[in-house]
Each structure stands twice: as structure tokens, then as C-alpha cells.
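**Student:** Could you work out the structure for the sequence below:
(chains A, B, C and D)
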Number of protein chains: 2
Amino acid sequence: MGATKSDLFTKQQNDVANMAKALAHPARIAILQYLVKKNACVCGDLVEELGLAQATTSQHLKELKTAGLIQGTIEGASVCYCINPKVWNQYREIFGAFFKEVAELKSCC
Amino acid sequence: MGATKSDLFTKQQNDVANMAKALAHPARIAILQYLVKKNACVCGDLVEELGLAQATTSQHLKELKTAGLIQGTIEGASVCYCINPKVWNQYREIFGAFFKEVAELKSCC
DNA sequence: TTAGCACATCGCAATATTACGATTACTTTC
DNA sequence: GAAAGTAATCGTAATATTGCGATGTGCTAA
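**Tutor:** Below is the predicted model:
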């Protein structure tokens, strides 16, 4: 027990849930917002930006990289990160499709 | 250690992360999709729909209720659930705003 | 009243996540 | 080369989540 029973659900449902999981931490939201705001490669100053320990920040960056939302390239001694626009837009589309308009229910609850 | 350090982040960042957390399980995605598809009050048949134990299903429903995404009203012996359109549309707007268009980066990574 | 159903809650076990110090790997600078 | 830097990874502790059986609560039906 304790582990999510992924096999009970469709691939699409697991995909959406995993995408949401990538966003389900304020540090990762903060990283993404920072990268979007800069709209450029950002090298090195993410640890100071967040206020978390270096190891923790690195872990969150790894999760965002695994999710595909960001990409990092080694630039000399440090690493530069930026949004992966392709995956970013996929997220936008998929969440947009999920949250399509819902009609008001009249005679209900 | 182990607890999320919410105080390091803005209210908005914590809000988005908490909204994502509400969606970060395939069972909850499945529940929401089912309710959206029916677009009506659904009484009682959610346990069979999911395939999880009754206690587990109830727990997921509770989380969605806490997030405000669904509402349940007691209808005799059973409980009827439906989407809360107001909160649903708030989610749509907030995720939509978060995933606003990102310009392609030319000379980058 | 009693039996049965629907659902919530409790208590627990298994697993996942979060956080950080310590270490490692690599690069730059001296 | 050695020293200092940047960032990834390891190991571990604290906390959170997931799942389910058991139990409790309230309604319905006989």
C-alpha cells in the first residue's frame, strides 16, 4: 500500500496527474516564474533566488528537467537554465483542454 | 525537515502549487473528468467508476472538496457530487495565466 | 425496531516527497 | 599543480501521501 495505483487509470489521466505533480511545489513554481520573467538563460543565481539549500534547489531543478519543462546546459563552471518552450506550450494546451468551459448547472446540488 | 517551506514563497506561488497538488493524482483527474462529462449531479456510482476502495475514494473526494473543485450534497442515503463551476473557472484562469505564451529563445542553451 | 445501504472517518502500513549536510565531479583561477 | 567555485549526487531524517480494513453515522426499508 501507499503507492499510487497507476494501472487503474488511463495514460492520459496519469499524464495530467504527473504534469500537475511537477507543478505541485512552490519552489518549482518560483523557478518557472523566474525563468519566464527573465525569458533567457539564467546561470547560477537560482539558489540565492529561492532561499533553499543548494542540494534542495538542485533536486527541484532535476524534477523540472525530468518533466521536460526546463533545460540546462553547462556553461563553463556553472549551468544555465531556461524554459523549454515546446514542452511549456504542451502543458498550456493540455491544462487548457482539461479546464475547458463547464456549463453552469441549474437544478443541482 | 521534510515539510515544505511555504514561508519562503509568495502567497500566489503557494496557491498555484496547492492547486496543482489537488490535481496531482490520477484518481482525482478521473473523478473530475467523470463529473465534467456527466455535467450533472452524480450520486453514488463513483466507487465503481474508479476501482479503488470506498475509503480511498472518499478520501480523494474530500481533497477535491477541500480544494473547492467539487461540491457534494446529501441526497437521502447517498451523496451527490458535481463540479463547482465558479472554482473550476478560477482554476482555468489561474493556470491559463501561469502558462501564458513564452517567446522562443533564439540564442540560448 | 431492526437490517441494510451509503458514505465519512479512524488507524495503520507502505511509499513518496522534501530538505539538508556531506561528498563528489568538474572548471576556473592562482 | 593547488585552491576555490559551481552544481550534481548520496545518505538520511522528517514529513506527506496513498491505500485499505475496520468502525461510526445517518438514512431507508422492511
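**Student:** for chain A, which spans come out with low pLDDT?
**Tutor:** Low-confidence segments of chain A, defined by pLDDT under 70: A:105-109.
**Student:** can you pull out the strands in chain A?
**Tutor:** If DSSP state E is used as the criterion, the strands of chain A fall at A:42-43, A:70-75, A:78-83.
**Student:** Format the ones you listed as a markdown table; extra columns: distance to B:Gln12.
**Tutor:** Yep, even glycine has a C-beta here, placed from its N, CA and C like the rest. Listed next are the strands of chain A as a markdown table, based on distance: least, C-beta to C-beta, whole Å:
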| stretch | distance to B:Gln12 |
| --- | --- |
| strand A:42-43 | 20 |
| strand A:70-75 | 20 |
| strand A:78-83 | 18 |
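**Student:** got these as a markdown table, with distance to A:Ile31 and mean neighbour count columns?
**Tutor:** Written out in a markdown table, the entries for the strands of chain A read as follows (distance: least, C-beta to C-beta, whole Å; neighbours: other C-beta atoms under 10 Å in any protein chain shown):
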| stretch | distance to A:Ile31 | mean neighbour count |
| --- | --- | --- |
| strand A:42-43 | 9 | 19 |
| strand A:70-75 | 7 | 16 |
| strand A:78-83 | 8 | 20 |
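**Student:** Distance to chain B added to those, as a markdown table?
**Tutor:** A markdown table is the format used below for the strands of chain A (distance: least, C-beta to the nearest C-beta, whole Å):
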| stretch | distance to chain B |
| --- | --- |
| strand A:42-43 | 10 |
| strand A:70-75 | 4 |
| strand A:78-83 | 5 |
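**Student:** mind checking which of these is nearest DNA strand D?
**Tutor:** Distances from DNA strand D to each of those were compared using C-beta to the nearest atom of the strand; the minimum, 3.2 Å, belongs to strand A:78-83.
**Student:** pull the CA atoms of the closest one into CSV?
**Tutor:** What follows is strand A:78-83, C-alpha atoms only, in CSV (Å, rounded to 0.1, in the frame of the first residue of the first chain):
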residue,chain,number,x,y,z
SER,A,78,28.1,26.9,-14.0
VAL,A,79,24.9,25.7,-15.6
CYS,A,80,22.4,27.8,-17.5
TYR,A,81,18.7,27.0,-17.3
CYS,A,82,15.8,28.2,-19.4
ILE,A,83,12.2,27.2,-20.2
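**Student:** Please name every helix or strand in contact with that strand.
**Tutor:** With contacts defined as 3 or more C-beta pairs under 8 Å, 6 or more residues apart in numbering or on different chains; DSSP states H and E, strand A:78-83 has these neighbours: helix A:26-38, strand A:42-43, strand A:70-75.
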